[in-house]
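S.K.: Sequence first, then the predicted structure:
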Amino acid sequence: MIIEIGHFSLILALALAITQTCISIIGVKINDLRLIQLATPAAVLQFSLVLISYLALTHAYITADFTVENVVRNSHSSKPLIYRISGVWGNHEGSMLLWLLILTGFTAAVAVIGKKLSSNMKTTVLAMQSSIAIAFLSFIILTSNPFIRVLSAPPDGLGLNPVLQDPALALHPPLLYMGYVGFSVAFSFAVAALLLKRSDAAWARWVRPWTLLSWVFLTLGISIGSWWAYYELGWGGWWFWDPVENASFMPWLIGTALLHSALVMEKREALKVWTILLAILTFSLSLLGTFLVRSGVLSSVHSFAVDPERGVFILLIMLTFTGGSLVLFAVRSHSINDKGVFTAISREGSLILNNVLLAASCGAILVGTLYPLAYEIVSGGGKISVGAPYFDLVFGMLMVPLLMLLPFGQLLAWKRGDFVAAAYRLAPAGVIALAVILTVYMSSQHSLWLAPIGVGLGIWVMTGTTQELFAHIIRSKTTLHCTFRRLVNLRRSVCGTTLAHFGVGLTVVGVVVTSTYRVEHVSVMEIGDRMQAAGYDIVFEKTQEQEGPNYTSVVGHFPVYKAGVKIATLKPSKRSYVVSSKKTTEAGIHAAWYGDFYAVLGDVQKTGGFVVRVYFNPLVRLIWIGALLMSIGGLVSLSGGRINTGTPRLKKSDKLVSV
Amino acid sequence: MTRKLQRAWLLIGGITVLVVATILVMVALRGSVVYFYAPSDLKAGLLTDGQRFRLGGLVASGSVVRGDKEFISFDLTDHLKSVRVYYNGILPDLFREGQGVIAEGVLTRAGRFDADTILAKHDENYMPPEVAESLKKKNINQ
């Protein structure tokens, strides 16, 4: 019964979405206030209907209702509760429902929070959001309905893929979707701005918090995904330039560009056309990502269930929204007038360069990701893949100027900046970075300059962005109390920016160090065998059988010694899941501050030994700590309220936005 | 600074980055494209010496040998032809006999395929298609 309620309310939501879109458009067209004002309650109601539907499915998962096909395929009665809840989005149908839930959630949030938006703007934005909802509601109901019943209920389900039974992966999809889908708000605002021919600083003030919020979620989602791949897949790597990974990284890059250009639009009423284009592109790339992941047109290591019919449907959705909005952009963009005038060397100039470089790197990733597809079509079925070296080279090269210029940006004034003065102020950071480059170069056995320069760049960004802050709060002859007060009184947006940029530097250092200086050893080991890696002794002590809630595992014990002193015991294991008779490898990881010891237990060989792979990944955790700092920076900036403070009389509603 | 000059600056900067990026993309693409073949595609003269490629097919049942000099070797087949794959490492969790995998590596002078990467999919719906078929049939019949 509950399932039918869920199913019914999903269909009701579709009907409501269609009605809302039509009424809103007509309302704005004939300027009828009663019709216009219907949009807000309609958006909230739409969200409630989808929520009921989502909860109904969750209920089926928790109670293990095996009369529902989706539950049969993806769940099992022996599964722990948390994975029953996360199992809802561990499959195609459920994850699309989550996508929709988040979309309508964002729409409802705009409806409730945006009280001071002009009613035409708000209604148009809500109508756009609800037209996206129409597309995805039809998609779910027509091709991916999770509420279909099986006529004869089997005694038990088929279980969730064991690789997905993991806390990080339970969090990864919702966060990623909140990022992806959140960008729809910026998209809808962009389309509304074009339709109503209204784009000004106030518009940017409205768009920026939503973009920032989505960006924070996307950053967290991507880094949790990468963290999961690192410890769960057992390949010792954290990023593979796989199409599915690129699909999430491209909207992140353009979204980052959008954050920065919206800033210029808000402060200086310049770059309007470009900002609106970026808002359209960011969400289009999110749709492209959804298409690439769900259609399986590109072969990926993270392949998902693939169905060509669904792929075509999402492709149509993507073409409609991207194509439609770009046509509208082409027709209307000339009516947008920039106001602010500035010189090349200025805050605006540096933000433009940031945008160009981010857009170029996103373009390069797009080319590399879609090239196999283009080749297949042109060559008549020939299959190729573009390897990681392509992405490393192109992306790395484009990041170098971006990182070099990053600390300058904040020091240049709006309109007209003084490059020489900024360089003078950044001299200490430059000296530190150079010293680091030399130290790293001297102390490593490699005679390569590339890695030391990479580390130096990371340090340059870290010191360059924070030294200003320190200079401000720690002046000579001040008490600790005074320093603290200065720190507390700093503008939140300044703190947020500094934190996020510091995080970028940290991630860069982590990426460069771990990619260059990692150590990897594979060998067949029997119990009692000893292996040497990176100056450490690793002994295969014993194996042990262990029981989990729905699996059994063989755990290997590998104590690690440094000069005879035991520093850790790595416990990699192989799990066998009872229901699916599937096996997973769980890496044994010991995290020291200077890096991770990482061991994977492989197959048993003829001789009775195990294949054992051991990695030492120096400073690898900085990658995720950096990403976390970026997200925290974004949140701090959001919490400031200043970001969306418009004219004084807008203050009350703006407080609400910053929640 | 006039609007025109500002626009000129923007244009020059944008075009420079675009040109540099395009050149980078072209150079890098040439070096890192990996071709994909099925076992029956492999013919003499198809590959240049030491060229990396991907080989995709099913792991032939009963062909997996562990711990015979190399850690693992198995036959990769597309039912027309099969190729022996040698691999020094830990197989992905989803590697099973009869399962589709992709092996990336090089053909040695002696004509042996040495893989350094084996990819198997971590599908969320790992039910084999046959089982899916039978589930569907069951639905229709009743």
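M.R.: Looks like it arrived, so ask away. Residues are numbered from 1 along each chain as shown, chains lettered A, B, ... in the order given.

S.K.: right, is the helix or strand where residue A:256 lies up against chain B?
M.R.: Element membership of residue A:256, judged by DSSP states H and E, is helix A:243-268. No: residues of helix A:243-268 contacting chain B under CB under 8 Å from any CB of the partner chain: none, with a closest distance of 10.7 Å. (Each C-beta comes from the backbone N, C-alpha and C, glycine too.)

S.K.: Look at the closest residue to chain A within chain B and give its secondary structure.
M.R.: As assessed by CB to the nearest CB, chain A sits closest to residue B:67 within chain B, at 3.0 Å. Following DSSP: H, G, I helix; E, B strand; the rest coil, the label given to residue B:67 is strand.

S.K.: the strands in the stretch 501-650 of chain A, which residues?
M.R.: Assigned by DSSP state E, counting those that start in this stretch, the strands in the stretch 501-650 of chain A fall at A:519-525, A:530-533, A:536-539, A:542-547, A:551-562, A:565-570, A:573-577, A:583-586, A:588-592, A:595-604, A:610-618.

S.K.: What is the neighbour count of the residue nearest to residue A:16 when sequence neighbours are not counted?
M.R.: Ranked by CB to CB, 6 or more residues apart in numbering or on different chains and with sequence neighbours excluded, the top spatial neighbour of residue A:16 is residue A:46, at 5.3 Å. For residue A:46, the count of nearby residues is 29 (other CB atoms under 10 Å in any protein chain shown).

S.K.: Please tell me I have it right and residue A:46 contacts residue A:130.
M.R.: Yes: between residue A:46 and residue A:130 there is a contact at 6.6 Å, judged by CB atoms under 8 Å.

S.K.: Need the overlap of contacts for the two.
M.R.: Here residue A:46 and residue A:130 share the contacting residues A:17, A:20, A:107, scored by CB atoms under 8 Å, 6 or more residues apart in numbering or on different chains.

S.K.: quick one, what contacts the last one?
M.R.: Taking CB under 8 Å, 6+ apart, we find residue A:107 in contact with A:43, A:46-47, A:126, A:129-130, A:133.

S.K.: ok, now the second one?
M.R.: Applying CB under 8 Å, 6+ apart to residue A:20 gives the contacts A:38-39, A:42-43, A:46, A:126-127, A:130.

S.K.: how far out from the middle of the chain is the strand or helix carrying it?
M.R.: For residue A:20, the host element (DSSP H and E) is helix A:2-30. Taking the mean of its C-alpha atoms, helix A:2-30 sits 30 Å from the chain's own mean (CA atoms, centre = their mean, to the nearest Å).

S.K.: What residues of it count as buried?
M.R.: Applying a neighbour-count criterion of 16 or more other CB atoms under 10 Å in any protein chain shown, one finds A:3, A:6-7, A:9-10, A:12-14, A:16-18, A:20-21, A:23-25, A:27-28 buried in helix A:2-30.

S.K.: And stretch A:312-332, by the same measure?
M.R.: Residues of stretch A:312-332 classed as buried: A:313-315, A:317-318, A:321-322, A:325, A:329, A:332 (neighbour count, 16+ other CB under 10 Å).

S.K.: now do stretch B:41-55
M.R.: For stretch B:41-55, the neighbour count (16+ other CB under 10 Å) marks B:41-42, B:52-55 as buried.

S.K.: Report pLDDT for residue A:131.
M.R.: For residue A:131, the pLDDT comes out at 97.

S.K.: Wasn't it part of a strand?
M.R.: No: going by three-state DSSP, the assignment for residue A:131 is helix, not a strand.

S.K.: thought it was touching residue A:21?
M.R.: Yes: using CB under 8 Å, residue A:131 is in contact with residue A:21, at 4.9 Å.

S.K.: which intervals of chain A have sub-threshold pLDDT?
M.R.: A:296, A:299-308, A:446-447, A:475-478, A:641-659 (pLDDT under 70).

S.K.: Pick out the residue of it closest to chain B.
M.R.: Taking CB to the nearest CB as the measure, chain A has residue A:605 as its residue closest to chain B, at 3.0 Å.

S.K.: Including secondary structure, could the contacts of residue A:20 go into a markdown table?
M.R.: Listed next are the contacts of residue A:20 as a markdown table, based on three-state DSSP:
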| residue | secondary structure |
| --- | --- |
| A:38 | coil |
| A:39 | helix |
| A:42 | helix |
| A:43 | helix |
| A:46 | helix |
| A:126 | helix |
| A:127 | helix |
| A:130 | helix |
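
S.K.: from the residues you listed, which is closest to residue A:550?
M.R.: Using CB to CB, residue A:46 comes nearest to residue A:550 of the contacts of residue A:20, at 37.5 Å.

S.K.: who's in contact with the closest one?
M.R.: Contact analysis of residue A:46 by CB under 8 Å, 6+ apart lists A:13, A:16-17, A:20, A:104, A:107-108, A:130, A:133.

S.K.: could you redo the last one with a cut-off of 6 Å?
M.R.: By CB atoms under 6 Å, 6 or more residues apart in numbering or on different chains, residue A:46 lies in contact with A:13, A:16-17, A:104.

S.K.: What of residue A:21?
M.R.: Residue A:21 makes contact with A:127, A:130-131 under the criterion CB under 6 Å, 6+ apart.

S.K.: what about 10 Å?
M.R.: A:39, A:42, A:126-134 (CB atoms under 10 Å, 6 or more residues apart in numbering or on different chains).

S.K.: can you check residue A:177 too?
M.R.: Going by CB under 10 Å, 6+ apart, residue A:177 touches A:89, A:95-96, A:98-103, A:217-218, A:221, A:286, A:290.

S.K.: got TSV for the buried residues of stretch A:312-332, with secondary structure too?
M.R.: Listed next are the buried residues of stretch A:312-332 as TSV, based on three-state DSSP:
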residue	secondary structure
A:313	helix
A:314	helix
A:315	helix
A:317	helix
A:318	helix
A:321	helix
A:322	helix
A:325	helix
A:329	helix
A:332	helix
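
S.K.: could these go into a markdown table alongside distance to residue A:621?
M.R.: Shown next, in a markdown table, are the buried residues of stretch A:312-332 (distance: CB to CB, whole Å):
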| residue | distance to residue A:621 |
| --- | --- |
| A:313 | 41 |
| A:314 | 36 |
| A:315 | 39 |
| A:317 | 38 |
| A:318 | 36 |
| A:321 | 39 |
| A:322 | 38 |
| A:325 | 40 |
| A:329 | 42 |
| A:332 | 47 |
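
S.K.: Rebuild those as CSV, extending it with distance to chain B.
M.R.: As requested, the buried residues of stretch A:312-332 are exported to CSV (distance: CB to the nearest CB, whole Å):
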residue, distance to chain B
A:313, 18
A:314, 17
A:315, 21
A:317, 21
A:318, 22
A:321, 26
A:322, 21
A:325, 22
A:329, 18
A:332, 20
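
S.K.: Which segments of chain B make up each domain?
M.R.: B:1-33, B:34-119 (automatic domain parsing).

S.K.: With distance to residue A:410 and mean pLDDT as added columns, please give these in TSV.
M.R.: Output for the domains of chain B, formatted as TSV (distance: least, CB to CB, whole Å; pLDDT from 0 to 100):
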stretch	distance to residue A:410	mean pLDDT
domain B:1-33	19	83
domain B:34-119	41	81
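
S.K.: so which strand or helix has the residue nearest to residue B:33 when sequence neighbours are not counted?
M.R.: Using CB to CB, 6+ apart and skipping the chain neighbours, the partner closest in space to residue B:33 is residue A:384 (5.2 Å). Secondary structure assignment for residue A:384, by DSSP H and E: strand A:383-386.

S.K.: and the longest helix seen in chain B, is it in reach of chain A?
M.R.: Assignment by DSSP state H gives helix B:3-32 as the longest helix of chain B. Yes: against chain A, helix B:3-32 shows contacts by CB under 10 Å from any CB of the partner chain at B:3, B:5-10, B:12-18, B:20-22, B:24-32.

S.K.: Now, of those, which are buried?
M.R.: Buried members of those, scored by 16+ other CB under 10 Å, are B:6, B:9-10, B:14, B:17, B:21, B:24-25, B:28-29, B:32.

S.K.: Kindly reformat those as TSV containing distance to residue A:371.
M.R.: Below are those laid out as TSV (distance: CB to CB, whole Å):
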residue	distance to residue A:371
B:6	35
B:9	32
B:10	29
B:14	23
B:17	20
B:21	15
B:24	14
B:25	9
B:28	11
B:29	7
B:32	10
